[in-house]
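# Test case, fold it:
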Amino acid sequence: MKKNLANVVTGIGVIAVILFITLLFKGYSGITMFLIVIFIGITDLLDGKIARKFEIVSTLGKSLDRARDKLFACTLFGFELNRLSRESGFSAASSTAFLAAILIFEALLISTWVYGAFRDLDVSAHFWGKIKMWLYFFVAGLFFADVYFVPITGQLFFDSIFLLFLFSSAICAFLSLWGYVERFFPSQK
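Numbering: from 1, shown residues only. Now for the predicted structure:
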């Protein structure tokens with residue numbers, strides 16, 4: 001059992017993402033979705049720690065981890081992009097631009113993941129990819145906790161913080177993509 005523990009945790013995370021997507025399309029929001037985002041984040045944190053602690057890192061585990069992360073991020077950000085397309089104003093336009101950039105980077109990251117998997121290259125997350133995912137979880141939490149924070153912070157402050165984290169997420173997504181390009185295609189000097 002110990003040799004599959006990390007993959008079991010990742011599998012539970014995949015099931016949580018499927019539950020999250022189902023509830024998202026049924027219109028759920030608020031605390032339920034916020035708690036599911038936290039749970040998915042915990043599985044993302046634990047599976048890697050378990051794999052390294054017990055020295056059971058596997059290609060399957062790395063790929064399951066990436067699949068869970070991509071399924072979560074692309075569905076959530078695509079859904080949010082669709083919602084924002086019906087709104088107007090600086091915050092909605094800026095969020096739309098950052099979300100579109102993130103989705104483009106994620107599509108390219110999926111391509112690098114597939115390329116790396118077929119070439120038997122290292123597809124594990126690196127520093128910027130890990131930071132990117134934690135920013136994604138934070139942004140996702142803000143999506144569902146805005147009704148709690150806006151009355152405390154005010155709409156302008158909340159939107160500013162949200163845009164800052166969304167912009168940071170887009171930068172980290174780009175840096176993550178660049179990291180894979182450097183890993184897969186080292187420069188010949």
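# Stretch 31-51: which residues count as buried?
33-34, 36-37, 39-41, 43-48, 50-51 (16 or more other CB atoms under 10 Å). For the C-beta atoms, the positions are set from N, CA and C on the backbone; glycine is no exception.
# Cross those against helices and list the overlap.
33-34, 36-37, 39-41, 43-48, 50-51 (DSSP state H).
# And the residues you listed, which is closest to residue 69?
Checking these against residue 69 with CB to CB, the nearest one is residue 44 at 6.7 Å.
# Next, work out how far apart the closest one and residue 158 are.
Between residue 44 and residue 158 the distance is 25 Å, computed by CB to CB, to the nearest Å.
# what's the answer for residue 104, then?
In this view, residue 104 and residue 158 are 26 Å apart by CB to CB.
# Could you list the low-pLDDT ranges of the chain?
Within the chain, the stretches with pLDDT under 70 are 1, 188-189.
# where does residue 162 fall, helix, sheet strand or coil?
Per DSSP: H, G, I helix; E, B strand; the rest coil, the local secondary structure of residue 162 is helix.
# which residue sits closest to it, ignoring its sequence neighbours?
Closest residue to residue 162 apart from its sequence neighbours, by CB to CB, 6 or more residues apart in numbering: residue 142 at 5.4 Å.
# What's the separation between the one you found and residue 62?
In terms of CB to CB, residue 142 sits 28 Å off from residue 62.
# list the helices and strands the helix or strand hosting the residue nearest to residue 162 packs on?
Assigned by DSSP states H and E, residue 142 belongs to helix 127-153. With contacts defined as 3 or more CB pairs under 8 Å, 6 or more residues apart in numbering; DSSP states H and E, helix 127-153 has these neighbours: helix 31-53, helix 59-84, helix 155-184.
# Turn those into TSV, including distance to residue 149.
What follows is the helices and strands packed on helix 127-153, written out as TSV (distance: least, CB to CB, whole Å):
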stretch	distance to residue 149
helix 31-53	11
helix 59-84	16
helix 155-184	6
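# which stretch among these comes nearest residue 25?
Counting by CB to CB, residue 25 lies closest to helix 59-84 out of these; the figure is 7.7 Å.
# and the helix or strand just after that closest one, how far from the chain's centre?
Downstream of helix 59-84, the next assigned helix or strand under DSSP H and E is helix 90-118. The chain centroid and the centroid of helix 90-118 are separated by 10 Å under CA atoms, centre = their mean, to the nearest Å.
# Which other helices and strands does helix 90-118 contact?
Counting by 3+ CB pairs under 8 Å, 6+ apart, helix 90-118 packs on helix 59-84, helix 155-184.
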